[in-house]
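In: For reference, the sequence and a predicted model appear below.
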Amino acid sequence: MKKRRKAAPPWDGQRETLEDLSAAVHYNEWIYGILRPYAGVRVLEIGCGTGNLTGSLAEGRRVLAVDVHSGYLREARRRLRAVPGVAFKKIDLEKKLSALRSFRPDTVICVNVLEHLSGDHRVLRQCYGLLPPGGRLLLFVPALQCLFGSMDLSYGHFRRYSAGGLTGKMEKAGFQVAYCRYLNLLGVLGWWWNGKVLKRKIIPKSQMMLYDRVVGFTSKIERFLPKPIGMSLFCVGEKSSSR
């Protein structure tokens, strides 16, 4: 009897990009450097993917890393099995996050996750409920709806954000916004060209690796420049100690 050939797994552009990002050491260091000054000692990482940032977040901290994708979590566990202080959990981020309350996080971190959730306002409110007074929510999201194109659709994005729009959503959820700034001015042109002009589905790895080589230099320059726009937004929300 002829053996039936297994069907090829469906193409996952996000998974391919996460794998490419695992090699973008300087880019991941750059994001961690942005998060580090605001992170506490008990970190809930929502949407950890394959763990590109999780290991760095675990340096001197307890980390609970959660995601909805079983395959991503398996890869993250494999990569970080020797890293102490890290636990993983599968959870649907669109549903109640109250099951995570027992971890007692003082910081919730979402890096390039909120744009994937249809009910982002509900998730923000639930993050607020997970945190103690004085706790922080750190968000890193794609910016500028005018850049929304083929790559956003391929990655499953519902939206891109403006500083005013994200600040408004954070405040409506109960947070006091301590910091909100555009980042990665250089990336605006690349995302527009790839997603709006060439209609690509994912970021070419060659471009990602090129950016990885220069991000350390460009990020230092950006510190001293006003950034009215940028490809990404970083926002810090704090839960008032009086609530």
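Out: It's in. As the structure is a computational prediction, the values presented were derived from the model and not from experiment.
In: Provide a list of residues in contact with the spatially most central residue of the chain.
Out: The centroid of the chain falls nearest to V111 when counting by CA atoms, centre = their mean (1.5 Å). V111 makes contact with I31, L35, E45, G47, L53, F140, according to CB atoms under 8 Å, 6 or more residues apart in numbering. C-betas here are computed from N, CA, C, even on glycine.
In: ok, the fourth one to P84 distance?
Out: Distance check for G47 against P84: by CB to CB, to the nearest Å, it reads 22 Å.
In: quick one on the thing from earlier: may I have the beta-bridge partners of the residue nearest to the centre of the chain?
Out: Under DSSP bridges, the beta-bridge partners of V111 are F140.
In: Quick check: L124 touching F175?
Out: Yes - counting by CB atoms under 8 Å, L124 touches F175, with 7.5 Å between them.
In: which neighbours do the two share?
Out: Both L124 and F175 are contacted by L137, under the criterion CB under 8 Å, 6+ apart.
In: which residues in the protein form helices?
Out: For the chain, the helices defined by DSSP state H cover 13-21, 25-35, 54-57, 70-79, 120-130, 150-155, 163-172, 186-192, 205-222.
In: quick one, which of the ones you listed is packed in tightest?
Out: Most buried of the helices of the chain by mean neighbour count (mean count of other CB atoms under 10 Å) is helix 54-57; its value is a mean of 21.
In: What is it packed up against?
Out: Judged by 3 or more CB pairs under 8 Å, 6 or more residues apart in numbering; DSSP states H and E, helix 54-57 is in contact with helix 25-35, strand 42-46, strand 62-67.
In: still on that earlier bit, got TSV for the contacts of V111, with pLDDT and distance to Y179 too?
Out: Shown next, in TSV, are the contacts of V111 (pLDDT from 0 to 100; distance: CB to CB, whole Å):
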residue	pLDDT	distance to Y179
I31	96	15
L35	98	12
E45	98	19
G47	94	21
L53	96	19
F140	98	12
